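1. Provided below are the primary sequence and the corresponding predicted coordinates.
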Amino acid sequence: MAENIQENEEKKNLNFIEEIVEEDLKEGRNGGRIQTRFPPEPNGYLHIGHAKAICMDFGIAKKYNGICNLRFDDTNPVKEDVEYVDSIQEDIQWLGFQWANVYYASDYFQQLWDLAVRFIKEGKAYVDEQTAEEIAKQKGTPTTPGTESPFRNRSVEENLRLFMEMSEGKIEDGKMVLRAKIDMANPNMHFRDPIMYRIITTHPHHRTGNKWKVYPMYDFAHGQSDYFEGVTHSLCTLEFEVHRPLYDYFIDQFADSDYRPKQREFNRLNITYTVMSKRKMLQLVQDGLVRGWDDPRMPTICGLRRRGYTPSSIRNFINRIGYTKYDGVIDVSLLEATIREELNTTAMRASAVINPIKLVLTNYPEGKVEMLEAINNPEDESMGKHEVPFSRELYIESDDFMEDAPKKYFRLTPGNEVRLKNAYIVKCTGCKKDENGKVVEVYAEYDPETKSGMPGSDRKVKGTIHFVSVQHAVPAEVRLYDRLFSVENPGDEKEKDFRELLNPNSLVIANAFVEPWLKNAKTLQNFQFQRIGYFNVDPDSTPDKLVFNRTVALKDSWAKIAK
RNA sequence: UGGGGUGUAGUCAAGCGGUAAGACAUGGCACUUUGACUGCCACAUUCGGCGGUUCGAUUCCGUCCACCCCAGCCA
């Protein structure tokens, strides 16, 4: 009963795209068929904004028993490369989605070209010989109408002849374009004789090579491609809203049936403290401000993967933020909360000391080693346990000792007792300092009756700290990541270039000591370093040199109190 | 002075004429061999403003305001 109610409630909470789809289904449009497409241009790596679109495009198809195709929108050879078509496919699949078919806009170059010829023959298109500047100038402005091109009223024959010359490579790049003859005074700028075809002879296309000398523009390719494929719902982001009338116009000119793909737009993803434009990301990569597209600080799918994010955490995040038409900015803490929530239940616990200071248990026998039992995950007993070595000399976090501590400090301070995780209760007896007064060693006495699991271990102490046995410690590099930018909306900043707003501490590399068990960790495996954060094994890691990335820190309410 | 969109808490977001869900964030308490997790509590007398219709408006109408998109031979 309760389950039914919940199910009903879930059903009711549809996003507006799902509402549209259900309405279309109810009305029996397209015979109940649902088909979407994910249409990336292969000119860069996918980022988390694309993940939102992917979840939408593939999600709608799956939910309504339809199909979603992957279509590369490869109409501009100047910017595109096969390197990207491969990475895009890899990232989509990693996210957990599978397309029904892979298509390319370039599959339709012939059809599109034939269509352009038809437009010319019907008097709906003309070849313009003006320069880009002239065309831009006579386009008018949003508030003033444009003026017509002097080439607008050429004869069909002349247009045909010139378009052939363009297509045969007889015309230099930029000298001519094919324009749709629509309305230079239209309040929608996209109707002011939009360019349908431009000449590109200087860059071979990554699939068709030098076969084509003219290439269709987005507006003359996207809707048609949708139509050719049988797309029912062409979902995209808000900035294409103003293209929609043109999308419909071009299809209406040649459609030979009642079927029409419908474009619908939703808000794109913005996240605080990062940028979400390919152009800016490319600059960061090219300027060497990050280590590459897969730098763990990047919002790319490959960057998030390397950072330690899982496909399910990204999907859950997208699920939580929803789809609307409101152009907002998501607080990055929501993304962080999503990965913490997942890793809390799935990541094995381990010990690592990042800012080590030596703790000597003065009453523990020299040379003695005990193997202690550590639970891999207190949230999930089935994840088992492993052994942790314990000895007289240990590394602890230097933050875990203070000579003069405030009253709320529950860690090591002379006279105070703390528990060493999975081990004994120890009482701090003092420390040794160098000539500058810097603490170099901390001393404590352990209570042999308080080993974890023994009856004496019941005694309550306020604090528990972690450690790594000095003689067993394995050195490891840890890469501590923070927000890439130091301002919430680096893209908003008008005065400064966004690159000046980078957080200088977005990457801090530290040398840590980790417990020996971690030597067996696999690439990309996630762990929780207890009391510190979630870390994964970087692909740079080797058996001789372990490298960990901090995915996200644990919440630290003490840090707030201490402030 | 144009056209297309959008305004509900710090950030997202439900709500579809019957008296403001949820998540994150924030603050507090409890629990804790992770100052984590978990649990509990607090957090919009009001939905951009002002009018109108109605017994009743966040929902309908009008008007004003704010913000976003459009003047690439990019997608």
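-> Here it is on my side, so go on. In this text the structure is predicted, and so the values were computed from the model without any measurement. Numbering: from 1, shown residues only, chains lettered A, B, ... in the order given.
2. Residue of the stretch 201-350 of chain A closest to RNA strand B, please.
-> Using CB to the nearest atom of the strand, the closest approach of the stretch 201-350 of chain A to RNA strand B is made by A:G328 at 2.7 Å. Placement of C-beta: from N, CA and C, glycine included.
3. And that residue, what's its pLDDT?
-> What the model reports for A:G328 is a pLDDT of 96.
4. And for it, the neighbour number?
-> By the criterion of other CB atoms under 10 Å, A:G328 has 10 neighbours.
5. my guess is it contacts A:N270, does it?
-> Yes. Using CB atoms under 8 Å, A:G328 is in contact with A:N270, at 7.0 Å.
6. Which element, helix or strand, includes the residue of the stretch 201-350 of chain A closest to RNA strand B?
-> Using DSSP states H and E, A:G328 is not contained in any helix or strand.
7. How much space separates it from A:L269?
-> 9 Å (CB to CB, to the nearest Å).
8. Kindly report the same for A:K433.
-> Using CB to CB, one obtains 51 Å as the distance from A:K433 to A:L269.
9. If you count surrounding residues, which of those two has more?
-> Per other CB under 10 Å, whichever of A:K433 and A:L269 has more neighbours is A:L269, with 22 against 12.
10. can you give me the strands in the stretch 351-500 of chain A?
-> A:352-353, A:356-361, A:370-375, A:385-390, A:393-397, A:417-420, A:425-433, A:439-446, A:463-465, A:468-469, A:474-481 (DSSP state E, counting those that start in this stretch).
11. Same list, those, but as CSV with mean pLDDT and distance to A:G230 please.
-> Output for those, formatted as CSV (pLDDT from 0 to 100; distance: least, CB to CB, whole Å):
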stretch, mean pLDDT, distance to A:G230
strand A:352-353, 98, 54
strand A:356-361, 98, 62
strand A:370-375, 98, 54
strand A:385-390, 98, 54
strand A:393-397, 98, 60
strand A:417-420, 97, 65
strand A:425-433, 97, 70
strand A:439-446, 98, 71
strand A:463-465, 97, 61
strand A:468-469, 98, 60
strand A:474-481, 98, 44
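12. how about low-confidence regions in chain A?
-> A:1-12 (pLDDT under 70).
13. how about the residues of the stretch 1-150 of chain A that lie near RNA strand B?
-> Residues of the stretch 1-150 of chain A lying near RNA strand B by CB under 7 Å from any atom of the strand: A:12-16, A:19, A:39, A:41, A:73, A:75-76, A:78-79, A:130-132, A:135-136, A:139, A:141-143.
14. mind checking how far A:E22 is from A:K63?
-> 10 Å.
15. and if you look at A:T429?
-> Distance from A:T429 to A:K63, by CB to CB: 64 Å.
16. what helix or strand is A:D295 on?
-> Going by DSSP H and E, A:D295 is not in any helix or strand.
17. Identify the spatial nearest neighbour of it, chain neighbours not counted.
-> A:G303 (5.6 Å; CB to CB, 6 or more residues apart in numbering).
18. List the contacts of that neighbour.
-> Contacts for A:G303 (CB atoms under 8 Å, 6 or more residues apart in numbering) come out as A:293-297.
19. just checking: which of those residues also lie near RNA strand B?
-> Answer for the contacts of A:G303 near RNA strand B: none qualify (CB under 7 Å from any atom of the strand).
20. can I get these in JSON lines with distance to A:R33 and neighbour count?
-> Converted to JSON lines, these look like this (distance: CB to CB, whole Å; neighbours: other CB atoms under 10 Å):
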{"residue": "A:W293", "distance to A:R33": "37", "neighbour count": "21"}
{"residue": "A:D294", "distance to A:R33": "38", "neighbour count": "19"}
{"residue": "A:D295", "distance to A:R33": "42", "neighbour count": "21"}
{"residue": "A:P296", "distance to A:R33": "42", "neighbour count": "25"}
{"residue": "A:R297", "distance to A:R33": "43", "neighbour count": "25"}
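21. which residues does the nearest residue to A:F250 once chain neighbours are set aside contact?
-> Nearest residue to A:F250, sequence neighbours excluded (CB to CB, 6+ apart): A:G223, at 5.4 Å. Contacts for A:G223 (CB under 8 Å, 6+ apart) come out as A:234, A:246-248, A:250-251, A:261, A:263.
22. Tell me which of these fall in strands.
-> Those of those mapping onto strands are A:234, A:263, per DSSP state E.
23. Save the contacts of A:G223 as CSV, and put in neighbour count and distance to A:L343 too.
-> CSV is the format used below for the contacts of A:G223 (neighbours: other CB atoms under 10 Å; distance: CB to CB, whole Å):
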residue, neighbour count, distance to A:L343
A:S234, 25, 36
A:L246, 22, 46
A:Y247, 24, 42
A:D248, 16, 46
A:F250, 24, 48
A:I251, 17, 47
A:P261, 25, 40
A:Q263, 21, 38
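24. Closest to A:I171 out of the contacts of A:G223?
-> Ranked by distance to A:I171 (CB to CB), these are led by A:F250 at 23.7 Å.
25. so that closest one touches A:S225, yeah?
-> No. Shown here, A:F250 and A:S225 do not form a contact pair, counting by CB under 8 Å, at 10.9 Å.
26. Of all the strands of the stretch 351-500 of chain A, which one is nearest RNA strand B?
-> strand A:463-465 (3.7 Å).
27. Other residues contacting that closest one?
-> For strand A:463-465, contacts defined as CB under 8 Å, 6+ apart pick out A:396-397, A:400, A:410-412, A:416, A:418-421, A:531.
28. give me that answer again for 6 Å
-> A:396, A:400, A:410-411, A:418-419, A:421 (CB atoms under 6 Å, 6 or more residues apart in numbering).
29. can you check stretch A:477-485 too?
-> Residues from elsewhere that reach stretch A:477-485, judged by CB under 6 Å, 6+ apart: A:273-274, A:296-297, A:354, A:501-503, A:505-510, A:512, A:547-550.
30. Now, of the residues you listed, which are buried?
-> Neighbour-count burial (16 or more other CB atoms under 10 Å) applied to those gives A:273-274, A:296-297, A:354, A:501-503, A:506-507, A:512, A:547-550.
31. Tell me, how many residues neighbour A:I17?
-> 19.
32. next one: A:E133
-> Counted with other CB under 10 Å, residues neighbouring A:E133 total 8.
33. Which element, helix or strand, includes A:S541?
-> Per DSSP H and E: nothing holds A:S541, as it lies in no helix or strand.
34. who touches it in this structure?
-> Counting by CB under 6 Å, 6+ apart, A:S541 has contacts A:V547.
35. rerun that using 8 Å as the cut-off
-> Applying CB under 8 Å, 6+ apart, we find A:S541 in contact with A:521, A:523, A:547-548.
36. for these, which one is nearest RNA strand B?
-> A:F548 (15.6 Å).
37. surely the closest one meets A:F535?
-> Yes. Between A:F548 and A:F535 there is a contact under CB under 8 Å: 4.3 Å.
38. Mutual contacts of the two, please.
-> A:352, A:478, A:527, A:529.
39. circling back: over to the residue nearest to A:D295. Which of the three states is it?
-> helix (DSSP: H, G, I helix; E, B strand; the rest coil).
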